[in-house]
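Student: sequence first, then the predicted structure:
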Amino acid sequence: MKLDYPEVVDEVLKLMWPRKMKLFTAGPVACFPEVLEVMRSQMFSHRSPEYSALHKDTVLRLAEFLNAKKATVLLAPCSGTGFMEASIRNAVKLGGKVLVTSIGAFGDRYAEVVESNGRKAAVLRKPLGEPVLPEELDEALRKNSDVEAVTITHNETSTGVINPLRELAKVAKERGKLVFVDAVSSMGAIDIRVDEWCLDIVFSSSQKAFGVPPGLAMAAVSEEVFEKAKDVSDRGWYFDLIALREDLVKGWSTPSTPPIPQVAGLNAVLRIVERMGGKNSWLKMYEKRAEKIRIKVIELGLELFAKPGFYSPTITVVRTPMGLRSSDIYRSLRERGFEIAMGYGPIKEATFRIGHMGYITDQDIDDLFKELSDVLRNLKSR
Ligand SMILES: Cc1ncc(COP(=O)(O)O)c(C=O)c1O
């Protein structure tokens with residue numbers, strides 16, 4: 001396409017990218033070049049047959065990836081928190097009670113979402129760095145037998161801990177509860193089997209492990225949730241799951257305008273998964289990348305924050321060495337062209353985070369650690 005005002009493009013790009021930066025963020029993350037390429041396309045109507053074909057193909061590919069054949073896969077124009085709110089608004093009665101398991105900041109956010117939507121949260125909170133264990137969930141459910149649902153943060157992005165989702169879901173289902181899973185920073189990077197593990201709502205955002213720009217959220221929703229939602233009176237409009245499913249069934253679209261470029265981007269990623277040899281090869285890439293980063297952290301004499309055995313596949317949280325500040329490490333790396341993530345919440349200065357989602361090469365990792373080693377040496381000698 002011919003540009004009439006090429007300088008406008010330069011001006012905006014200069015605002016966003018005054019200089020080169022390699023991203024090791026917690027999200028948004030660097031996107032696959034193929035994703036960015038398809039997202040450059042001219043827009044078209046979300047009520048056109050072309051959009052329906054794109055939406056349908058993306059939903060079917062995502063359903064395959066999530067082993068969600070019985071559940072309904074929905075795409076919505078929002079970030080992951082939209083589906084967090086939707087889970088409460090659609091599947092818990094007004095004034096009803098939810099058991100929120102919290103292993104960090106995003107578990108705490110779920111409790112806030114529950115309370116701010118007029119439901120009650122009973123919170124099972126673990127010390128930072130630890131997961132929830134199945135026996136702890138069982139005990140909490142024994143004490144709170146009146147809850148309608150359990151929420152689980154699959155991967156706690158603030159502490160770098162992955163919860164044993166399959167085992168936790170089993171406990172909750174045995175006690176007859178709905179299971180809502182915040183998979184914002186795990187979906188796309190580790191196996192999630194929606195039907196087999198009987199998960200009721202599992203949601204994520206485009207800007208995390210799928211390596212797509214922000215603006216699109218996706219969820220798999222069980223039949224049980226749609227049944228329950230019929231009796232919930234204050235579902236609202238924007239996050240009404242029944243309405244979202246109706247538009248899906250009617251015409252492979254959404255009630256309000258979807259972020260078409262992000263849907264195209266997600267479609268491209270799911271095709272890359274296929275080209276890489278399928279889901280297992282793709283997930284292996286994430287596993288190997290996380291392992292490489294953990295080894296390099298330990299080689300630098302640093303300590304991991306998460307409890308051994310529960311290391312996140314998408315973000316490595318590192319204890320800040322004694323006498324240093326995580327904000328100084330973050331700033332020094334940025335000056336050298338590498339953006340990591342600061343610590344989050346109460347462990348903001350005590351930790352720093354290395355995100356490993358999206359488009360990252362082996363060379364990028366080697367380069368980051370070369371710089372990190374140098375930064376630590378300089379900061380210690382100050
Ligand atoms: C575990 C977790 N849950 C929820 C969120 C919120 O997601 P979003 O910003 O897409 O609404 C995040 C964002 O980092 C997250 O890491």
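Tutor: Sure thing, it's come through.

Student: strands along the stretch 201-350 of the chain, start to end?
Tutor: In the stretch 201-350 of the chain, the segments counted as strands under DSSP state E, counting those that start in this stretch are 201-205, 217-221, 315-319, 338-339, 341-342.

Student: can I get the first one as CSV, trimmed to CA atoms?
Tutor: This file holds the C-alpha atoms of strand 201-205, laid out as CSV (Å, rounded to 0.1, in the frame of the first residue of the first chain):
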residue,chain,number,x,y,z
ILE,A,201,-13.9,-22.0,32.6
VAL,A,202,-10.3,-21.7,31.5
PHE,A,203,-9.3,-18.3,30.2
SER,A,204,-6.3,-16.5,28.8
SER,A,205,-5.1,-13.4,27.0
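
Student: do that strand and the ligand meet at all?
Tutor: Yes. Applying C-beta under 6 Å from any ligand atom, one finds that strand 201-205 is in contact with the ligand at residue 205. Backbone N, C-alpha and C define where each C-beta goes, glycine included.

Student: list the neighbouring strands of that strand plus their orientation.
Tutor: In the sheet, strand 201-205 lines up against strand 178-182 (parallel), strand 217-221 (antiparallel) (DSSP bridges).

Student: out of those strands, indicate the one that is most buried.
Tutor: strand 217-221 (a mean of 28; mean count of other C-beta atoms under 10 Å).

Student: and it, average pLDDT?
Tutor: What strand 217-221 shows for mean pLDDT is 98.

Student: please apply the same query to stretch 125-144.
Tutor: Taken as a whole, stretch 125-144 has a mean pLDDT of 98.

Student: may I see the buried residues of that stretch?
Tutor: The neighbour-count criterion (16 or more other C-beta atoms under 10 Å) identifies 126, 128-134, 136-138, 140-141, 144 as the buried residues of stretch 125-144.

Student: same deal with stretch 143-159?
Tutor: Of the residues in stretch 143-159, those buried (16+ other C-beta under 10 Å) are 144, 147-159.

Student: in strands, which of these fall?
Tutor: 149-153, 155-156 (DSSP state E).

Student: ok, and does stretch 232-252 reach over to the ligand?
Tutor: No. For a cut-off given as C-beta under 6 Å from any ligand atom, stretch 232-252 has no contacts with the ligand; the smallest distance is 12.5 Å.

Student: buried ones in that stretch, by neighbour count?
Tutor: Going by neighbour count (16+ other C-beta under 10 Å), the buried part of stretch 232-252 is 232, 235, 238-241, 243-245, 247-248, 252.

Student: the ligand contacts on the stretch 201-350 of the chain?
Tutor: If contacts are counted using C-beta under 6 Å from any ligand atom, the residues of the stretch 201-350 of the chain sitting beside the ligand are residue 205.

Student: partners of the residue in the stretch 201-350 of the chain positioned nearest to the ligand in the sheet?
Tutor: Distances from the stretch 201-350 of the chain to the ligand, computed as C-beta to the nearest ligand atom, single out residue 205 as the nearest residue at 3.3 Å. Applying DSSP bridges to residue 205 yields these beta-bridge partners: residue 217.

Student: check contacts around it.
Tutor: For residue 205, the contact set (C-beta atoms under 8 Å, 6 or more residues apart in numbering) comprises 27, 79-80, 184, 214, 216-218.

Student: then residue 340?
Tutor: The contact partners of residue 340, by C-beta under 8 Å, 6+ apart, come to 24-25, 329-330, 333, 352-355, 368.
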